[in-house]
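Asker: fold the following and give me the result.
(4 chains)
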There are 2 protein chains.
Amino acid sequence: MNTSLAKRPRGRPKKTEEQRDDGNRRQALICAAAQLFKLKGYDATTTREIAAQIGMQPGSPFYHFENKQDLLLAVMVDGMKRAIADQHTLLKALLTQSPKANASIKLRILIRHHFEVLLGPQSDFIPVMLYESRALNSVQRLSINKLKDSYEAAWIPVLQELCHCNKLKAPVGISRLMIFGALNWSVQWYEAPLIKNKNRVKSHHASLDELTEAALVLFL
Amino acid sequence: MNTSLAKRPRGRPKKTEEQRDDGNRRQALICAAAQLFKLKGYDATTTREIAAQIGMQPGSPFYHFENKQDLLLAVMVDGMKRAIADQHTLLKALLTQSPKANASIKLRILIRHHFEVLLGPQSDFIPVMLYESRALNSVQRLSINKLKDSYEAAWIPVLQELCHCNKLKAPVGISRLMIFGALNWSVQWYEAPLIKNKNRVKSHHASLDELTEAALVLFL
DNA sequence: CCTACCGATCGGTAGG
DNA sequence: CCTACCGATCGGTAGG
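Answerer: Numbering: from 1, shown residues only, chains lettered A, B, ... in the order given. Below you'll find the model as predicted:
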């Protein structure tokens, strides 16, 4: 990102610069891939396009990734790790500020963050994971399923608590599936509020906050 | 289907047989395409595979369809027309049997039928429409959007009525989107109850009736 | 990371 | 609808 700033780090400059550059190119590949995979789908996206998007030559992505599938996996793993970390941070912050926060408030945090991850700026990674997992092989699928479980783990106790006090009317298991469906599907119809729509089919321009409140009143 | 039975129809046998055969092969193509498109996705499915699945030669699908995209469109149009017709039939039958049926009962019919179309036997067409529309060109997309609107049109008055009597707590527009999301997402996790699962990731084995009731208690 | 390249596949066509 | 085929593309590699 800010390679122009902080030009001369103190210690062992050469190796550090090399490593950082490698990391940057690798990260640039992952970001370009995420963007194109979301826009056109995994199969319809060419490794050449991804390379071109960051000024690389057609064969160069394979210096960083063994094959196209591995690049797809990297997009998903990167996105999920960040999403899980952010989710944890938000919940911890809530428990610090208001230790007695009830389950409804926790659910609001979870839903709001989920919309952020799906629809916010730089939100290409998770939609790719949601809609392109079929392209992974079975070993890769296992590893992202672990991350998915870890992400969903934070939701279970919240939904259970809501179920116990009768705010959530359906059983936890099926409620979780339906709620995630309602949220994940927003990728298909949501249009970011600030971007002028160019005759697109997508329709809704509510803010992520408004979406969150609508989801809460619908489910609880 | 049953070409071996009913061998000799009475009138103008030659032309009728030719027409029916053409229609059958075309329909067979559409069905095979729907199945494979749902299983592997549009881009990952080869026109050769589709042909092979019904014993055709690699080039023969292009006798029936100008190109692969047109075959995809045919899958979607076929599925939607059938879904719309069935939906109408069900609602008309309800109004005949119990003319004063309230909105909750109508919504149950709509949701139950939607699950049928998504998850029931021979339910490949609509999932393909939901998840592969990106592969269409803009003209094709317009024509299936019309069908989508026609399908959703039956839901609007029902949701409005539920909104007026305070059974639906969020506004109609956003509720519709979230409800469709919750339902459509079931394609991702639902495993048909009767089929033994072979180490799949998918998890839920409830019947479509149980799913319908769960959705109703969650939303209303 | 670039240059130059290959093998395979795939949508689609001509001609019957 | 089959036979035989083509042009283009694409993932991936060797060698530097």
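
Asker: and the residue of chain A closest to DNA strand D?
Answerer: With C-beta to the nearest atom of the strand as the measure, residue A:59 is the residue of chain A nearest to DNA strand D, at 2.5 Å. (C-beta placed from N, C-alpha, C; glycine too.)

Asker: now do the contacts for residue A:212.
Answerer: A:108, A:111, A:112, A:115 (C-beta atoms under 8 Å, 6 or more residues apart in numbering or on different chains).

Asker: the same query, at a cut-off of 6 Å, please.
Answerer: A:111, A:112 (C-beta atoms under 6 Å, 6 or more residues apart in numbering or on different chains).

Asker: buried set for the helix or strand it falls within?
Answerer: Counting by DSSP states H and E, the element that carries residue A:212 is helix A:208-219. Applying a neighbour-count criterion of 16 or more other C-beta atoms under 10 Å in any protein chain shown, one finds A:208, A:211, A:212, A:213, A:214, A:215, A:216, A:218, A:219 buried in helix A:208-219.

Asker: next one: the first one from DNA strand C, what distance?
Answerer: When C-beta to the nearest atom of the strand, to the nearest Å is the yardstick, residue A:208 and DNA strand C sit 34 Å from each other.

Asker: likewise for residue A:109?
Answerer: Taken as C-beta to the nearest atom of the strand, the span from residue A:109 to DNA strand C is 37 Å.

Asker: pLDDT value on the closest residue to residue A:38 other than its chain neighbours, please?
Answerer: Setting aside the residues directly before and after it, residue A:38 is nearest to residue A:124 in space (C-beta to C-beta, 6 or more residues apart in numbering or on different chains), at 4.3 Å. According to the prediction, residue A:124 has pLDDT 98.

Asker: ok so, going back, for the residue of chain A closest to DNA strand D, helix, strand, or coil?
Answerer: Under DSSP: H, G, I helix; E, B strand; the rest coil, residue A:59 falls in the coil class.

Asker: okay, it: pLDDT?
Answerer: 96.

Asker: do the same with residue A:167
Answerer: Looking at residue A:167, the pLDDT reads 97.

Asker: hmm, stretch A:158-166 in reach of chain B?
Answerer: No - Stretch A:158-166 is not in contact with chain B by C-beta under 6 Å from any C-beta of the partner chain; minimum separation 11.1 Å.

Asker: dump the buried residues of helix A:208-219 to CSV, plus pLDDT.
Answerer: Below are these laid out as CSV (pLDDT from 0 to 100):
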residue, pLDDT
A:208, 97
A:211, 98
A:212, 98
A:213, 98
A:214, 98
A:215, 98
A:216, 98
A:218, 98
A:219, 97
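
Asker: most widely separated two among those?
Answerer: A:208 and A:219 (16.4 Å; C-beta to C-beta).

Asker: quick revisit: could you check the angle helix B:208-219 makes with the helix holding residue A:212?
Answerer: Interaxial angle, helix A:208-219 versus helix B:208-219 (axes from the mean of the first three to the mean of the last three C-alpha atoms, to 10 degrees): 120 degrees.

Asker: thought residue A:59 was touching residue A:47, still the case?
Answerer: No - the pair residue A:47 / residue A:59 is not scored as a contact, 8.7 Å apart, by C-beta atoms under 6 Å.

Asker: with neighbour numbers in mind, choose between those two.
Answerer: residue A:47 (20 against 10; other C-beta atoms under 10 Å in any protein chain shown).

Asker: is it true that residue A:53 touches residue A:32?
Answerer: Yes - between residue A:53 and residue A:32 there is a contact at 4.3 Å, judged by C-beta under 6 Å.

Asker: so between these two, which is more surrounded?
Answerer: Between residue A:53 and residue A:32, counting by other C-beta under 10 Å, residue A:32 is the more crowded of the two (23 against 15).

Asker: who touches stretch A:152-159?
Answerer: Contacts of stretch A:152-159 (C-beta under 6 Å, 6+ apart): A:87, A:103, A:106, A:107, A:110, A:172, A:176.

Asker: could you list the buried residues of that stretch?
Answerer: Result for stretch A:152-159 [16+ other C-beta under 10 Å]: buried residues A:154, A:155, A:158, A:159.

Asker: with pLDDT, distance to residue B:120 and secondary structure as extra columns, can I get the residues you listed in TSV?
Answerer: As requested, those are exported to TSV (pLDDT from 0 to 100; distance: C-beta to C-beta, whole Å; DSSP: H, G, I helix; E, B strand; the rest coil):
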residue	pLDDT	distance to residue B:120	secondary structure
A:154	98	34	coil
A:155	98	29	helix
A:158	98	33	helix
A:159	98	28	helix
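
Asker: out of the residues you listed, flag the one nearest to DNA strand C.
Answerer: residue A:154 (35.0 Å).

Asker: please tell me how far the closest one sits from residue B:102.
Answerer: Separation of residue A:154 from residue B:102 (C-beta to C-beta, to the nearest Å): 38 Å.

Asker: residue A:181 contacts residue B:183, doesn't it?
Answerer: No - counting by C-beta under 6 Å, residue A:181 stays clear of residue B:183, with 7.1 Å between them.

Asker: so which bits of chain A are right by chain B?
Answerer: So far as C-beta under 6 Å from any C-beta goes, chain A lies against chain B at A:43-44, A:169-170, A:174-175, A:177-178, A:181-182, A:184-185, A:189, A:214, A:217-218.

Asker: just those: which has the poorest pLDDT?
Answerer: Within the residues of chain A next to chain B, lowest confidence goes to residue A:169 (93).

Asker: tell me which residue lies nearest the centroid of chain A.
Answerer: The residue lying closest to the centre of chain A (C-alpha atoms, centre = their mean) is residue A:126, at 3.1 Å.

Asker: and it, what does it touch?
Answerer: Residue A:126 sits in contact with A:79, A:117, where contact means C-beta under 6 Å, 6+ apart.

Asker: what about it, is that helix, strand or coil?
Answerer: Residue A:126 - assigned by three-state DSSP - is helix.

Asker: repeat for residue A:192
Answerer: coil.

Asker: please name the nearest non-neighbouring residue to residue A:76.
Answerer: Using C-beta to C-beta, 6+ apart, the nearest residue to residue A:76 is residue A:129, at 4.1 Å.
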